[in-house]
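1. starting from these lines, generate the structure:
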Amino acid sequence: MVTELEPDVLELEVGNVANGGFCVARHEGRVVFVRHALPGERVRARVTDRTKNFLRADAVEIIEASPDRVPAPCPFAGPGRCGGCDWQHASLPAQRKLKAAVVEEQLQRLAGITRTVTVEEVPYPVDSEVTPPPGLGWRTRVQFSVASGAVGLRRHRSHDIEPVDECLIAHPGVELMGIERKRWPGASGVEGIVSATTGDRLVVLRGRDRRKIRVPRLDVPVRLVRGKPEPGAGLPYVREEVSGRLFQVSGSGFWQVHPGAAQLLADAVLDALEPKPGDIALDLYCGVGLFTGVLADRIGPEGLVVGVESDGQAVRDARYNLRDLPNVSIERGPVEEVVADLEFGRASSSSRTQNKRGTGHHGGSRVRRADVVVLDPPRTGAGREVVEHITRLADRKIAYVSCDPATLARDLAYFGERGWTLETFRAFDAFPMTQHVECLATLVRG
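-> Prediction:
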């Protein structure tokens, strides 16, 4: 409790939410981005960073609380503590309203799009052996940091580590391993991975020399990724199931971390794109082939789905996962280069091409148009160059999946410049307790 105003402690009236897990206040004409506060509160906040144009601060005393404020369930959450969660002090309905407000503001400011956004709950799978409390126990992939053998999580905007013995948003299957309660001499990081659908468990080690890390005896059997595999040997993997299909995800490969997110997004993309039998589809940044697989099943043997991915291990996984689908071609390379090759009919790097539909095209390397396109880029977004290629390739619909409202809005503005308009927009609370939100924008020709 702060009883007197210290030099770096300000009394603030908190305004609207801002992108990044902050709320906005003002002090002597300067903007202050305040963590651990809620809109409408009056707080005392300790300044943590000063720049020429704004301040950052942590609310350390709540003078007038919002009705949406709740006690943080995690003992490691709070000012100066673990930086993994941004909104543990807000009720779940309030968290979703805050995220919706952020998305609406980004769409309006960066893309000139006025849209009322509702952030939908991502249901926990009903057949799970253990169902944690709402908003907790969902993260199936957790990267822990290690200092002097002790495990913790990074503090906000810091390399300092907050030691923890439990992470409440970690999936129960990750907590069963006991990673936080062991010592890991020689490691700089330990990632715990569990499949919510198959129960597969994996631990990925990080460190200067991962082969010298002393691995403790964990509480349950796991597969271990330590260093690079021998030539010809694959990485250990977990299996995930969506729409009755198993997907192999090797090492730290990308997969949705919420147990219900992959199936929900797969269904949402199909609903958005409305693919038809015989269609040609592009799946950009396809990872291990999630959307490629569900699109191929819907389009059927007379159609074609071309997946594009730059990561070599993800490409190998995707080709393995979809090996039974003759209407799929997986192209490896930077998306901006591969889509240019596709658009102009240049030969691509794919080693897996087949004649499709009697069109004269030879697999993915000769596709010069697509009826539908889905893209799920990293947080940095697709960018203007990729957007321009997509708008020349796409005929009917584009589905854009994004976990970053700012880069999504920026790219929607690029699509708008090329004559594509926003048809539908959905947002999903795939990351409860954090600032992050998953979005799906559907575009059609204007």
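2. any idea how far R50 lies from V335?
-> 39 Å (Cβ to Cβ, to the nearest Å). (Glycine included, C-beta is placed from N, CA and C.)
3. next, count neighbours for R211.
-> By other Cβ atoms under 10 Å, 10 other residues sit near R211.
4. who's in contact with the closest residue to R206 other than its chain neighbours?
-> Nearest residue to R206, sequence neighbours excluded (Cβ to Cβ, 6 or more residues apart in numbering): G189, at 3.5 Å. Counting by Cβ atoms under 8 Å, 6 or more residues apart in numbering, G189 touches Q143, F144, S145, V146, L205, R206, G207.
5. residue contacts, the second one?
-> The neighbours of F144, taking Cβ under 8 Å, 6+ apart as the test, are V151, G152, L153, V164, C167, I179, E180, G189, V190, E191, G192.
6. how about it, secondary structure?
-> Classification of F144 using DSSP: H, G, I helix; E, B strand; the rest coil returns strand.
7. who's it bridged to?
-> Counting by DSSP bridges, F144 is bridged to V190.
8. can you give me the pLDDT of G364?
-> G364 carries a pLDDT score of 59 in this model.
9. swap in the one 3 residues further on?
-> Reading off the per-residue confidence, V367 sits at a pLDDT of 77.
10. surely it and I280 touch.
-> Yes. The pair V367 / I280 is scored as a contact, 6.1 Å apart, by Cβ atoms under 8 Å.
11. can you give me the helices in the stretch 101-250 of the chain?
-> 172-175 (DSSP state H, counting those that start in this stretch).
12. do you have the strands of it handy? List them.
-> Remark: strands assigned in the stretch 101-250 of the chain by DSSP state E, counting those that start in this stretch are 119-121, 141-147, 150-154, 161-163, 189-194, 201-206, 223-225, 237-242, 245-250.
13. do the same with the stretch 301-446 of the chain
-> So, for the stretch 301-446 of the chain - with DSSP E, counting those that start in this stretch - the strands run 304-309, 328-332, 370-375, 394-402, 420-429, 438-445.
14. okay, those, which one's buried deepest?
-> Highest mean neighbour count among the strands of the stretch 301-446 of the chain (mean count of other Cβ atoms under 10 Å): strand 304-309, with a mean of 30.
15. for the protein, which helix or strand comes out least confident on mean pLDDT?
-> In the chain, no helix or strand scores lower on mean pLDDT, DSSP states H and E than helix 335-344, which sits at a mean of 90.
16. what's the closest of the strands of the stretch 101-250 of the chain to E11?
-> Closest approach to E11 among the strands of the stretch 101-250 of the chain (Cβ to Cβ): strand 161-163, 27.1 Å.
17. who touches the closest one?
-> Contacting residues not belonging to strand 161-163 are listed as 76, 81-83, 145-147, 150-155 [Cβ under 8 Å, 6+ apart].
18. weed out the non-buried ones from those.
-> Those of those that meet the buried threshold are F76, R81, C82, G83, S145, V146, V151, G152, L153, R154, R155, by 16 or more other Cβ atoms under 10 Å.
19. what does A18 show for phi and psi?
-> Here is the backbone geometry of A18 (degrees, to the nearest 10): phi -120, psi 160.
20. contacts only, for it.
-> Residues near A18 by Cβ under 8 Å, 6+ apart: V24, F33, V102.
21. thinking again about what came up before, find the residues that touch each one of V367 and I280.
-> Common neighbours of V367 and I280 (criterion: Cβ under 8 Å, 6+ apart): L304, V306.
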